[in-house]
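Engineer: Provided below are the primary sequence and the corresponding predicted coordinates.
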Amino acid sequence: MEKLNRKMTGYKDRPVKVVQFGEGNFLRAFVDYMIDIANEKGLFDGSVVLIKPIEFGTLDRFKAQECQYTVQLRGRVNGNEYVETRQITSVKDIVSPFDDYEEYIALAKTDTVRFVVSNTTEAGIVYNEKDVFEEKLNVTFPAKLTQFLLTRYEHFNGALDKGLVMLPVELIDDNGIELKRCVKKYIKLWNLSEGFEKWIDEACVFTSTLVDRIVTGYPFDEAEDLWKSFGYKDEIMVTAEPFALWVIESEKDISEEFPVDKALEGKEGMGVIFTDNQKPYKQRKVRILNGAHTSFVLASWLKGNDVVNQSMKDDIMREFMMKTIHEEVIPTLTLPKDELKEFADAVVDRFNNPFIKHALLAISLNSVSKWKARCLPSFLGYVEKYGKLPEHLTFSIAALMAFYTGTEIRDGALIGHRNGVEYLVKDDADVLEFFAENSSKDTAEFTQAYLSNEGFFGRDMTQIDGLSEKVNDYLNTIRKEGMEAALKHFFG
């Protein structure tokens, strides 16, 4: 079977407009997918060159397929099963700076380049004072970017129309602001010119972005069957869910230059939002999507479910999640209610995706800190707005305590039990030690110890009227009757 290549895809040579630090599954199924559609619709007319960000690994599979690959989206949209198969032709080349530095740095001198996309992991946007200017390939991405931008600045004699737009998608807050802060620190560390720093400020745009799409990557178990259905071999194909959201925050409007929002018009569940404030969208995602996960997965696990979409087929768990979102989370958010409901409906479709087996135990990792970040703001917002406890979010505290019940720590994990079978509770060492010491105490004492721990909540939760009594009641019932009976008793 022939490998996918440019002749098969009808590849069209386009000017290089995007330099992308990262060749991983997410960027190729998210950014490059969107650019491909924009090209097809005649909105962008630009290609992407991928930059290999680390020395490890080979480019042979990309070269063998002339950087052509398939993205298959699989899931549910508006309650219906959705499958889309698309050959991506937006990637022109892939370059390793470690093997050919001159080819890499020549991109900085390319007139048509306008955008820099990066996904160098959460640890990628950092400053390291040990990075040396004279070294061609520094350790950190911001150091590499500073040298890349300096090369462009010098090559075009500081022309203001040759600045670049940075589109980082690393999963840290205010990623563009932090990236620019690191670049500025390298300018000072390396004693670079005031003219260059001024060019960075005036000619370049550092956007902060929020991205959301579950990318499941290369489908190892299904590869050969998919090749047969495609009619060609593809060793770098990527699978993902249909849902996609990209929120791009910047002081300068770049939507006309980078019209990926228009490219996705008409594609249900996919969208790009250009804004000067991404925080409401971040809050929406964290509280609805991530908060829903954190609030129901531990109860669902103890009830006997193993994966998210299995939980959604469990009537009582589905109802628990829906009421948590619609009655306790959405009322505390600031975006228009229609937008919030639309996002919540998409979350339900995503949780119901039959192609993704998202293990509840995987989501359970570090649940104590996750509850504080994802659920506590909704909990406190509800109490402040209505003057009473949100029942489902309150129950989720008791469910967390039940899940974290165990006295033995083994190989860095607390040993819990579900129906007599061991499971591993994974969290920071001090968190596990707290539960190993306290979870075997009587319910009232355990509840008091947990809710009063300011390290877990940033405050003493026992000061909230009625909370200790309610959590104690929920946990007592879980301990005596089991999770399923407790859920039916309180919410059935």
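Structural biologist: The structure has been received and is ready for your questions. Numbers count the residues shown, from 1 in each chain.
Engineer: can you pull out the low-pLDDT segments for this protein?
Structural biologist: Within the chain, the ranges that satisfy pLDDT under 70 run 122.
Engineer: residue 135 - how many residues pack around it?
Structural biologist: 10 (other CB atoms under 10 Å). Any C-beta I mention is one placed from the backbone N, CA and C, and that applies to glycine too.
Engineer: same check on the one 3 residues further on?
Structural biologist: Here the count is done by other CB under 10 Å, and residue 138 has 19 residues near it.
Engineer: list the contacts for the nearest residue to it once chain neighbours are set aside?
Structural biologist: Of all residues not flanking residue 138 in the chain, residue 131 sits nearest, at 4.1 Å (CB to CB, 6 or more residues apart in numbering). Taking CB atoms under 8 Å, 6 or more residues apart in numbering, we find residue 131 in contact with 138, 139, 140, 143, 186, 189.
Engineer: counting neighbours, which bits of stretch 365-384 end up buried?
Structural biologist: 367-368, 370-372, 374-383 (16 or more other CB atoms under 10 Å).
Engineer: stretch 475-492 now?
Structural biologist: 475, 476, 477, 478, 479, 482, 483, 484, 486, 487, 490.
Engineer: hang on, the earlier thing: looking at this, the residue nearest to residue 138 is in a helix?
Structural biologist: No. Going by DSSP: H, G, I helix; E, B strand; the rest coil, the assignment for residue 131 is coil, not a helix.
Engineer: tell me how far the most centrally placed residue in the chain lies from residue 203.
Structural biologist: Of all residues in the chain, the one closest to the mean position by CA atoms, centre = their mean is residue 212, 5.3 Å from it. To residue 203, residue 212 is 30 Å away according to CB to CB, to the nearest Å.
Engineer: and residue 394, by the same measure?
Structural biologist: 52 Å.
Engineer: more crowded one of those two?
Structural biologist: For residue 394 versus residue 203, neighbours defined as other CB under 10 Å are more numerous around residue 394 (23 against 18).
Engineer: and that one, helix, strand or coil?
Structural biologist: helix.
Engineer: just give me the closest of the buried residues of stretch 365-384 to residue 249.
Structural biologist: residue 377 (20.2 Å; CB to CB).
Engineer: name the nearest residue to the closest one, ignoring sequence neighbours.
Structural biologist: Leaving aside its sequence neighbours, residue 377 sits nearest to residue 287 (CB to CB, 6+ apart; 6.5 Å).
Engineer: how close does the nearest residue to residue 148 once chain neighbours are set aside get to residue 197?
Structural biologist: Leaving aside its chain neighbours, residue 148 sits nearest to residue 108 (4.9 Å; criterion: CB to CB, 6+ apart). Distance of residue 108 to residue 197, computed by CB to CB: 17 Å.
Engineer: my guess is residue 451 contacts residue 467. True?
Structural biologist: Yes. Between residue 451 and residue 467 there is a contact under CB atoms under 8 Å: 6.5 Å.
Engineer: any residues in contact with both of these two?
Structural biologist: residue 461.
Engineer: the more surrounded of these two?
Structural biologist: Neighbour tally, residue 451 and residue 467, criterion other CB under 10 Å: the higher count belongs to residue 451, 22 against 18.
Engineer: how about that one, what does it touch?
Structural biologist: 397, 457, 460, 461, 462, 467, 468, 471 are the contacts of residue 451 under CB under 8 Å, 6+ apart.
Engineer: which other residues reach the helix or strand residue 299 falls within?
Structural biologist: Element membership for residue 299 (DSSP states H and E) is helix 291-303. Helix 291-303 has contacts (CB under 8 Å, 6+ apart) with 308, 311, 314, 316-317, 320-321, 324-325, 329, 347, 351, 360-361, 363-364, 367, 370-371, 374-375, 378, 392-393, 395-396, 399-400, 402-403, 418, 423, 478, 483-484, 487.
Engineer: how about stretch 115-123?
Structural biologist: 17-22, 24, 26-27, 31, 48, 53, 124, 141, 145, 148, 164-172, 179, 258.
Engineer: can I get the buried part of those residues as one ChimeraX selection?
Structural biologist: Filtering the contacts of stretch 115-123 down to the buried ones (16+ other CB under 10 Å) takes a single ChimeraX command:
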select :17,18,19,20,21,22,26,27,31,48,53,124,141,145,148,164,165,166,167,168,169,170,172,179,258
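Engineer: counting only helices, which of the contacts of stretch 115-123 make the cut?
Structural biologist: Among the contacts of stretch 115-123, the members falling in helices (DSSP state H) are 26, 27, 31, 141, 145, 148, 179.
Engineer: and the residue of the chain positioned farthest from its centre, how far from residue 82?
Structural biologist: Farthest-out residue of the chain from its mean C-alpha position, per CA atoms, centre = their mean: residue 442, at 38.8 Å. According to CB to CB, residue 442 and residue 82 sit 50 Å apart.
Engineer: span of stretch 236-249 from start to end?
Structural biologist: Stretch 236-249 has an end-to-end distance of 31 Å (CA to CA, to the nearest Å).
Engineer: now stretch 93-112
Structural biologist: 15 Å.
Engineer: give me the distance from that stretch to the chain's centre.
Structural biologist: Stretch 93-112 sits 28 Å away from the centroid of its parent chain (CA atoms, centre = their mean, to the nearest Å).
Engineer: ok, and what's touching that stretch?
Structural biologist: By CB under 8 Å, 6+ apart, stretch 93-112 touches 15-17, 19, 23, 46, 49-52, 55, 59, 62-63, 67, 113, 136-137, 144, 148-149, 151-152, 155-156, 162.
Engineer: buried residues in it?
Structural biologist: Neighbour-count burial for stretch 93-112 [16+ other CB under 10 Å]: 93, 94, 95, 96, 97, 104, 105, 107, 108.
Engineer: mind listing what's buried in stretch 289-305?
Structural biologist: Applying 16+ other CB under 10 Å to stretch 289-305 flags 289-303, 305 as buried.
Engineer: of all those residues, which comes closest to residue 6?
Structural biologist: For the buried residues of stretch 289-305, the nearest to residue 6 is residue 289 (37.7 Å; CB to CB).
Engineer: mind listing what the closest residue to that closest one other than its chain neighbours touches?
Structural biologist: Of all residues not flanking residue 289 in the chain, residue 347 sits nearest, at 5.2 Å (CB to CB, 6+ apart). Going by CB under 8 Å, 6+ apart, residue 347 touches 288, 289, 292, 325.
Engineer: and the gap between residue 347 and residue 397?
Structural biologist: Taking CB to CB, one finds residue 347 at 22 Å from residue 397.
Engineer: can you check residue 208 too?
Structural biologist: 32 Å.
Engineer: repeat for residue 72
Structural biologist: Distance from residue 72 to residue 397, by CB to CB: 40 Å.
Engineer: next one: residue 115
Structural biologist: Distance from residue 115 to residue 397, by CB to CB: 44 Å.
Engineer: compare the two (neighbour count), which wins?
Structural biologist: The residue with more neighbours, out of residue 115 and residue 397, is residue 397; 25 against 21, by other CB under 10 Å.
Engineer: ok, for the more buried one, nearest residue in space, not its chain neighbours?
Structural biologist: According to CB to CB, 6+ apart, the nearest residue to residue 397 is residue 471 (5.3 Å).
Engineer: residue 307 contacts residue 357, doesn't it?
Structural biologist: Yes. Contact criterion CB under 8 Å: residue 307 and residue 357 qualify, at 4.9 Å.
Engineer: and the two? Which one has more around it.
Structural biologist: residue 307 (19 against 13).
Engineer: contacting residues for that one?
Structural biologist: When contacts are counted by CB under 8 Å, 6+ apart, residue 307 touches 357, 358, 359, 360.
Engineer: just put these in a markdown table and tack on secondary structure and distance to residue 221.
Structural biologist: A markdown table is the format used below for the contacts of residue 307 (DSSP: H, G, I helix; E, B strand; the rest coil; distance: CB to CB, whole Å):
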| residue | secondary structure | distance to residue 221 |
| --- | --- | --- |
| 357 | coil | 11 |
| 358 | coil | 16 |
| 359 | strand | 16 |
| 360 | helix | 21 |
